[in-house]
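Peer 1: sequence first, then the predicted structure:
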Amino acid sequence: MAVSQYIQIFTAILVIVNPIGAIPIFISLTSDQSSAELKRTIRTVAITVAIVLTATAFVGEDVLRFFGISLEAFRIAAGILLLLMALAMLHAKQSRSKHSPEEAEEAATQDSVAVVPLAIPLLTGPAAMSTVIIYVNKMSGWFDTGFVIVSGLVVALIVWIALRLATPIAAALGKTGMNIVTRVMGLLLAAIAVQFITGGLGGLFPGLLRGGTP
């Protein structure tokens with residue numbers, strides 16, 4: 001597999017998890033935590049992100065087979081989900097597929113917010129899991145599959161770094177800077193979504209993309 005494809009895989013997972021975009025919600029949900037509690041929350045979030053992405057890489061396809069869902073149909077559904085997320089990000093908003101107002105209200109009353117809603121579904125929601133499943137299916141060998149898993153682990157490390165530096169990052173970028181970063185990531189995510197959708201359509205209707213009769 002070409003180096004550009006490896007870069008695309010890592011970039012896709014990073015953009016979808018979007019650690020920078022999660023910073024404002026992270027700060028609001030952890031504003032009353034002590035320094036020790038904050039460090040424990042950040043560590044739990046990063047570990048959970050790593051576990052979810054790794055577990056998805058191993059069992060995601062088995063889950064699809066259990067429910068009788070074809071990868072092509074799943075690819076289209078994932079593409080639509082990513083496209084909806086991208087449209088929200090282009091408007092500098094959090095998609096409801098990642099974090100709904102109801103979840104935010106419930107999180108405000110919880111003692112621990114590390115696993116839910118920060119790690120799941122804010123950082124590793126359905127879109128991130130879908131992306132990992134699709135990329136693992138495309139891999140042709142153990143090295144390529146391992147790269148997807150390692151990419152997830154590196155993204156989890158980036159999540160840990162971003163949350164540890166959440167306050168200075170938010171101060172440095174400001175509201176406008178955060179919105180610019182979110183919009184750029186939304187544009188990249190939209191392109192990834194279109195690739196997923198066209199790939200799924202090409203698998204379901206082989207003649208469609210060739211201009212022939214499906």
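Peer 2: Received, thanks. In this text the structure is predicted, and so the values were computed from the model without any measurement.

Peer 1: for Val154, which non-adjacent residue is spatially closest?
Peer 2: With Cβ to Cβ, 6 or more residues apart in numbering as the criterion, Val154 has its nearest non-adjacent residue at 7.1 Å, and that residue is Phe10. (Glycine included, C-beta is placed from N, CA and C.)

Peer 1: please apply the same query to Ala156.
Peer 2: Ala50 (3.7 Å).

Peer 1: what's around the one you found, how many residues?
Peer 2: 21 (other Cβ atoms under 10 Å).

Peer 1: against Ala36, how distant is the residue nearest to Val154?
Peer 2: Using Cβ to Cβ, to the nearest Å, Phe10 is found at 32 Å from Ala36.

Peer 1: follow-up on the earlier one: show me the contacts for the residue nearest to Val154.
Peer 2: Each residue near Phe10 by Cβ atoms under 8 Å, 6 or more residues apart in numbering is listed here: Ser151, Val154, Val155.

Peer 1: quick one, helices of the chain?
Peer 2: 3-17, 19-29, 35-66, 71-90, 101-107, 126-138, 142-164, 166-204 (DSSP state H).

Peer 1: those: lowest mean pLDDT?
Peer 2: With a mean of 58, helix 101-107 has the lowest mean pLDDT of the helices of the chain.

Peer 1: nearest to Pro117, out of the helices of the chain?
Peer 2: For Pro117, the closest of the helices of the chain is helix 101-107, at 4.8 Å, according to Cβ to Cβ.

Peer 1: now do the contacts for the closest residue to Arg183 other than its chain neighbours.
Peer 2: Spatial nearest neighbour of Arg183, chain neighbours left out: Leu90 (5.5 Å); criterion: Cβ to Cβ, 6+ apart. Residues in contact with Leu90, defined by Cβ under 8 Å, 6+ apart, are Arg183, Gly186, Leu187, Ala190.

Peer 1: please list only the buried members of these.
Peer 2: Applying 16 or more other Cβ atoms under 10 Å to these, the neighbour count classes Gly186, Ala190 as buried.

Peer 1: can you redo the contacts of Leu90 as a markdown table with distance to Ile197?
Peer 2: Compiled in a markdown table, these are given as follows (distance: Cβ to Cβ, whole Å):
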| residue | distance to Ile197 |
| --- | --- |
| Arg183 | 21 |
| Gly186 | 16 |
| Leu187 | 16 |
| Ala190 | 11 |
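
Peer 1: just the contacts of Leu90 now: which is nearest Val45?
Peer 2: Closest to Val45, out of all of the contacts of Leu90 and judged by Cβ to Cβ, is Gly186, at 22.3 Å.

Peer 1: my read is that that closest one contacts Leu84, right?
Peer 2: No: if you go by Cβ atoms under 8 Å, Gly186 and Leu84 don't touch, sitting 10.8 Å apart.

Peer 1: coming back round to it: take the contacts of Phe10 and lay them out in JSON lines including neighbour count.
Peer 2: Shown next, in JSON lines, are those (neighbours: other Cβ atoms under 10 Å):
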{"residue": "Ser151", "neighbour count": "21"}
{"residue": "Val154", "neighbour count": "14"}
{"residue": "Val155", "neighbour count": "25"}
